[in-house]
Every structure is written in C-alpha cells, then in structure tokens.
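In: Sequence first, then the predicted structure, then my questions.
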Amino acid sequence: MTNPPYGQYDPHQQPGSSYPPGQPYPAPQPYPAPQPYPPEPAYPADPYAPPGYGQPAAPGYPPQGEDPYGGGGGQYGGGQYGTGQYGGGQYGTGQYGGQYGGGQPAGWPPGGPPAPPPRRRRTGLTIALIAGGLGLVLCLGGIAVVAVRVLNDQELDPDPDPPVVSDDPFAASPAAAFAEGADGIQMPEPDAVGDFTADQVADTLDKVEEALVATRLDEAMLVDHDPEPFLSLVSEDNRQGLEEDFDTENFSYFASQVADGAELAEPAPRVDGEVTYEATVDEGGFRVIEVVTSFVWAYAFAVPGDDPDLDGIVVVRDELVWQVAHEDDVAETSLGLWLWDGEAYAWGIDCTVFEDGLLSPQTEPGPGGAGPDDPDEIFDPSGSLDVPDTC
C-alpha cells in the first residue's frame, strides 16, 4: 500500500486507529491473581499495660496500692507524686512520715541509712542577777536540740571506715576547741587607767583571776561545797552579802557546785571567754577599776548507763562585773575586790537539783519550750544571755 499524497486525507489515520494501517494493538494480557499475605503473628498481651475501663488488670500487673514507688495509680496520680514518692511515699508517710512520723519502718529502703534517733531536748536555765552584793534570782534559761542529718543513698560510702571513738567527752561539742581549766582564763595586759596605776590594775586583775578559779574550777568549791577560799578574796563588806547568797542557795550565777551523786569526768572543765577593764565612777561617786568577765564553763559528767543520746556536758555561761575602789574613796572594810553584778545561764542540766544551785547532767528531756535555732550559740562567750527558761 502506498501513502496518499502530502496533505490528502487518509481515512485510516483516525484517532485510536493503528499505525501502520491494518495492524491492531495486541490484546492486553491479564495480571496474575495476587497472592494472599501471611497471617499476622499474635503478640502476647502487655503484662504491664493499664487495664481499660471496665476491664480487669492484666495478669501480673501489680494490684492497686502495691506500686513499689507509692501505691499505683500512675506517675502523677497515685504513684510517684500522688501517694507514692511525694504523696504517701517519700514525703507523705514514707521517708519523712516514717523517720519523723509513722511511715516506712526503720532500715527502709534496704541498704539505706537507719532512721535517726528521736530528738532529745536539752534543758537550761538562766540563773541570777545581783547589784552591789544583793542577790535576785531571774529564771530565764536555755535549750538545745540535737540536730540529725540523714544522708541519701548517693552520699553513703558503700564501705565506710569504722568510726573513730574518742576518749574526750568534749570531742563532739564546740568545747573541744576550748582550753582546759585555768588555761582558758587569759587576762589582758595591765595599763594605767584614770587615777589608777598599772600596778593597781595588775593587782586587781590578779584578784579577779583567782576569784574565777576559786568559784568555777577549784575542787573545794565544786566538790566540797566550801566557799571559804573564794570569800577570803573579797572585801569584808562584800563578803557579808555573798555569804548570804550561799546560805540561800543563790550562788549559781557566779559559783559552781556539783550535786551529790553526780560525778565529774576527766579531763578538766573547758573554758573560753574574755576579760575587759576600765576606770570609772560608780553610782555612789566612788572611783573604781571595773572588770567585766564573760566566760563559758563546760563540765563533762559521767553519764549513768552510758546513754548514747546524752553527752553529759553541762554548760554555764556567765557575765560578771567586779570592782576595786580607790583606796582614798571608801572605808577600810570596803577595800579590796567586790563582786558587783552578775548574770548567767546553765544548759544541759538536771532542773530538779539546779533549784538548789547544784550542777548535774540532764537525764530526761526538759519540759520547756524551744531554744536557740543553733545549739552552738550556747557555747559562745559573747552570745546573748537572753534565752528562754526550759526548766
């Protein structure tokens, strides 16, 4: 077959017709039938998936209330933050409800620190105030709380070294840094002041130092309850008033006596404080050297039964004013040392025997209220004497 001339119509060139003319497209072949997919595997049910509404819990799912972190119910519902870690667990009735209230038993969690011992309250009493040798008891007082810090698991050493046991009863208190006995009484250098020579000042400071040792450290006063060595150091007129203080058991603001049955432990009492002096004129117009002593006296007592919760330490903090008048201004009977004024508190004491002015260590929690936020304030010789009465 020949092609028609250029531009002439060819009836075989219709849309859909084959080319060349007369040759049709081959019939389409059918696709093979699809093969079926293999069946999906049946996965086991999630044993920890929470149940749906109205469905029982899956086998093995912990029943409500037995979530090891708080009692079930979800992370923020009744679990970690609901009745779990922060609800009834760590902070609700768990770690802090157990340690300080009634949650987890002692020793939980396993491997953790033991629950701390119950807080033991220390008792104290501020003692007395005098002026010009006249005694007046003021019951103020002091207290301290044994602070306990509980370490978390990260802070615990898995293989801690065994604790070092010290024979020093003051080792765990601020008094461990104090000097022993009279070595803790450091007098300032004497200088001439006002109308007094340096020698007169030195003589006054020596008398004050002797009086401090006689009232707070000497066995004659502490154990034998003999005030005579001290009374021999003061003026005749001042002696009369101080003898009355001993007779009426109103001496504990300036002198220490150990109660019968109480036993002082070694070493010697620990002492820290300071002494200042100046020349002044008293209320009567007399020229005097005035010496102010501010001291902490820490006594270690043997603890009955070696109770680990009681350290047997009794602390007395006093501030006393001593005077020596100019020899040209007063009568002969008033010459010499005067205990002019004073105030003190005692801490860690047996309140019952302290009513008689005697020292004995605390054996039971005191009935009084709260004391200083920082128990170490009791050992500060420059601290306030205004503390609450806890007896």
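Out: Sure thing, it's come through.

In: Please count neighbours and contacts with C-alpha atoms only from this point.
Out: Noted.

In: so what's residue 225 closest to, chain neighbours aside?
Out: residue 257 (6.0 Å; CA to CA, 6 or more residues apart in numbering).

In: The one you found: neighbour count?
Out: 26 (other CA atoms under 10 Å).

In: what do you get for residue 328?
Out: 10.

In: Can you pull the phi/psi pair for it?
Out: phi -90, psi 0 (degrees, to the nearest 10).

In: Residue 348 now?
Out: Dihedral angles (degrees, to the nearest 10) for residue 348: phi 80, psi 30.

In: Model confidence for it, exactly?
Out: We have a pLDDT of 90 for residue 348.

In: Against residue 356, how distant is it?
Out: 16 Å (CA to CA, to the nearest Å).

In: quick one, which of these two is more surrounded?
Out: residue 348 (29 against 15).

In: Correct me if wrong: that one contacts residue 354.
Out: No. Counting by CA atoms under 8 Å, residue 348 does not reach residue 354; the two are 10.8 Å apart.

In: For stretch 352-370, what does the pLDDT average out to?
Out: The model assigns stretch 352-370 a mean pLDDT of 81.

In: Burial check on residue 302, number of neighbours?
Out: 17.

In: same thing with residue 247?
Out: 10.

In: Residue 285 now?
Out: With other CA under 10 Å as criterion, residue 285 counts 9.

In: Residue 248 now?
Out: So residue 248, with other CA under 10 Å, has 12 neighbours.

In: Give me the secondary structure label for residue 321.
Out: Here residue 321 is strand, with the state taken from DSSP: H, G, I helix; E, B strand; the rest coil.

In: doesn't residue 343 make contact with it?
Out: No. Shown here, residue 321 and residue 343 do not form a contact pair, counting by CA under 8 Å, at 9.2 Å.

In: what about the strand or helix carrying residue 208, average pLDDT?
Out: Here residue 208 sits within helix 198-216, counting by DSSP states H and E. Taken as a whole, helix 198-216 has a mean pLDDT of 98.

In: quick one, domains of the protein?
Out: As assigned by automatic domain parsing, the chain contains the domains 45-115, 124-154+182-379.

In: wait, residue 265 sits on residue 311?
Out: No. Judged on CA under 8 Å, residue 265 makes no contact with residue 311 at a distance of 11.2 Å.

In: For residue 226, see how far away the residue nearest to residue 225 is.
Out: From residue 257 over to residue 226 (counting by CA to CA), the distance is 9 Å.

In: Also residue 218?
Out: 10 Å.

In: Between those two, tell me which one has more neighbours.
Out: Applying other CA under 10 Å to residue 218 and residue 226 shows that residue 218 carries more neighbours, namely 21 against 17.

In: Many thanks, I have nothing further to ask.
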